[in-house]
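Q: Generate a structure from the sequence data that follows.
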Amino acid sequence: MSRLTIDTLQAMKSQGEKIAVLTAYDASFAALLDGNGVDAFIVGDSLGMVCQGHDSTLPVTMNDMVYHSANVVRGSKRSYVIVDLPYQSYTTVEQTLKNAHRLIDEGGAQMVKLEGGQQQLKNIEALVAQGIPVCGHLGLEPQSVEKLGGYKVQGRDEDSATRILNDAKSLQQAGIQMLVLECIPASLGKLISKTLTIPVIGIGAGIDCDGQVLVTYDMLGISRGHKAKFVKNFLDGQKDIELAIRTYVDEVKQSQYPALEHSYQ
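A: The predicted structure is shown next:
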């Protein structure tokens, strides 16, 4: 079995098929997700919170990301693998290229993901010039949570919504091939998904994105602390984890998740 490619995911958007994405951090979960229909993994720096016990993603290192990415790749065969560049790992073009190559060469990533809008254009253009696929991340940016004043919904006023939309257009023009939108009003998620030609994956961004992603620990109801509005426990009422994963995939594919109760207005 060969892995899905970014061309596969692009074709899914073109054909109107929703893309089911979950986070993965180790070989065992990767194998479960991979075998139950998940289209893509994000090896997220969220591992700092759900695996390492930190209060944010900020302490996660490049070594952490390479280690977890390699584990995920070894445990899976089909799902497309996207890996986060962690906090302060892409402050210059030179550093960005070096660390992205590590994620691909040592971690087995098929695509690297970074947060931010206009300020990331030079980094994205440099990555694209070297043939490295890039995923953007707009809306709530966890690596900038202190600057944003906490984990808050973004894009609710006209100015910030326009900024996020313009950033999305600029990132696509710079060469990203996928975009994650986090914690924005559903109407803005719909507008951006319809405006861009690349796949747009939502997490708290409404039903009209081209796909959805959740932290797997949240999807299974085993995360600690506060649960965001967009989180749904898919293990509730299921007899095992595999059924929970398949239910998540089915609800994403059939546009049943996220429901209105999981979306921001």
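
Q: Could you use CA atoms for every contact and neighbour count after this?
A: OK.

Q: Report the separation between the residue nearest to residue 243 when sequence neighbours are not counted and residue 219.
A: Of all residues not flanking residue 243 in the chain, residue 235 sits nearest, at 7.7 Å (C-alpha to C-alpha, 6 or more residues apart in numbering). Going from residue 235 to residue 219 by C-alpha to C-alpha, to the nearest Å gives 7 Å.

Q: Equivalent analysis for residue 44, please.
A: Here residue 44 is placed at a distance of 15 Å from residue 219 (C-alpha to C-alpha).

Q: One more: residue 255?
A: Distance, residue 255 to residue 219, by C-alpha to C-alpha: 16 Å.

Q: More neighbours: which of these two?
A: Per other C-alpha atoms under 10 Å, whichever of residue 255 and residue 219 has more neighbours is residue 219, with 21 against 18.

Q: Quick check: the more buried one touching residue 233?
A: Yes - using C-alpha atoms under 8 Å, residue 219 is in contact with residue 233, at 4.9 Å.

Q: got the end-to-end distance for stretch 145-157?
A: End-to-end distance of stretch 145-157 (C-alpha to C-alpha): 18 Å.

Q: And the helices in the stretch 51-200 of the chain?
A: 62-75, 93-105, 121-129, 145-148, 158-174, 186-195 (DSSP state H, counting those that start in this stretch).

Q: Okay, now the unreliable bits of the stretch 51-200 of the chain?
A: 146-151 (pLDDT under 70).

Q: can you rerun that using 80?
A: The stretch 51-200 of the chain contains residues with pLDDT under 80 at 145-151.

Q: pLDDT score assigned to residue 215?
A: At residue 215, the model reports a pLDDT of 97.

Q: What distance do you get for it to residue 254?
A: 20 Å.

Q: wait, which of the helices of the stretch 51-200 of the chain is closest to residue 225?
A: Among the helices of the stretch 51-200 of the chain, the nearest to residue 225 by C-alpha to C-alpha is helix 145-148 (17.0 Å).

Q: mind exporting the helix or strand that contains residue 13 as PDB, just the C-alpha atoms?
A: Taking DSSP states H and E as the criterion, residue 13 maps to helix 6-15. The C-alpha coordinates for helix 6-15 follow below in PDB (Å, rounded to 0.1, in the frame of the first residue of the first chain):
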ATOM      1  CA  ILE A   6      -0.800  16.000  -1.700                       C
ATOM      2  CA  ASP A   7      -2.200  15.400  -5.300                       C
ATOM      3  CA  THR A   8      -4.600  12.900  -3.800                       C
ATOM      4  CA  LEU A   9      -5.800  15.400  -1.200                       C
ATOM      5  CA  GLN A  10      -6.100  18.100  -3.800                       C
ATOM      6  CA  ALA A  11      -8.200  15.800  -6.000                       C
ATOM      7  CA  MET A  12     -10.400  15.100  -3.000                       C
ATOM      8  CA  LYS A  13     -11.100  18.800  -2.600                       C
ATOM      9  CA  SER A  14     -11.800  19.100  -6.400                       C
ATOM     10  CA  GLN A  15     -14.200  16.200  -6.200                       C
END
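
Q: Now do it against helix 186-195, angle only.
A: Per axes from the mean of the first three to the mean of the last three C-alpha atoms, to 10 degrees, the angle that helix 6-15 makes with helix 186-195 is 110 degrees.
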